[in-house]
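**Q** only geometry, no sequence info:
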């Protein structure tokens with residue numbers, strides 16, 4: 001069984017920074033892509049950033065230039081550095097591990113974390 005756990009959320013003032021961490025654990029052989037999404041109140045889930053095992057990154061338009069995704073393949077971890085935060089960044093932030101190959105090499109998994117709350121407010 002593979003689990004994904006986010007950490008690092010909290011309350012931050014506008015203009016501030018926050019770093020989210022996500023760890024994938026379990027019987028994992030490899031993970032193709034890891035990414036961050038968010039869902040604000042009354043909103044649909046929004047793509048923020050993804051990164052492949054080869055380091056290719058992709059960002060959503062709303063966070064380009066402010067957020068940076070990085071990854072530690074050896075530890076199956078992904079990070080999201082968030083700078084210049086705005087009140088509209090307030091949301092639950094979710095980590096996703098896509099194309100997870102379990103140690104049994106049986107199929108691929110798509111795994112989501114439970115989310116971590118980020119609140120940007122003065």
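**A** Structure's in. What do you need? Only a predicted model underlies this, so the values are computations on that prediction, with no experimental measurement involved. Residues are numbered from 1 along each chain as shown.

**Q** for stretch 103-121, measure first residue to last.
**A** One end of stretch 103-121 to the other measures 43 Å (CA to CA, to the nearest Å).

**Q** contacting residues around stretch 75-90?
**A** With CB atoms under 8 Å, 6 or more residues apart in numbering as the test, stretch 75-90 has contacts from 12-25, 28, 31, 34-36, 38, 40, 48-49, 51, 63, 66-72, 93, 95, 97, 118-121. For the C-beta atoms, the positions are set from N, CA and C on the backbone; glycine is no exception.

**Q** repeat for stretch 52-64
**A** With contacts defined as CB under 8 Å, 6+ apart, stretch 52-64 is touched by 30-33, 46-51, 67, 69, 71, 73, 82.

**Q** what about 7 Å?
**A** 30-33, 46-51, 67, 69, 73 (CB atoms under 7 Å, 6 or more residues apart in numbering).

**Q** buried set for it?
**A** Buried residues in stretch 52-64, counted by 16 or more other CB atoms under 10 Å: 52, 59, 60, 63.

**Q** related to what we said a few turns ago, what subset of the contacts of stretch 52-64 is buried?
**A** When the contacts of stretch 52-64 are checked for burial by 16+ other CB under 10 Å, the buried set is 31, 33, 46, 47, 48, 49, 50, 51, 67, 69.

**Q** any chance of the buried residues of stretch 52-64 in TSV, plus pLDDT, secondary structure and distance to residue 88?
**A** Formatted as TSV, the buried residues of stretch 52-64 follow (pLDDT from 0 to 100; DSSP: H, G, I helix; E, B strand; the rest coil; distance: CB to CB, whole Å):
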residue	pLDDT	secondary structure	distance to residue 88
52	96	strand	28
59	97	strand	16
60	96	coil	13
63	95	coil	11
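
**Q** which one of the residues you listed sits closest to residue 102?
**A** residue 52 (18.4 Å; CB to CB).

**Q** for residue 105, give me its contacts.
**A** If a contact means CB under 7 Å, 6+ apart, then residue 105 has residue 29 as its contacts.
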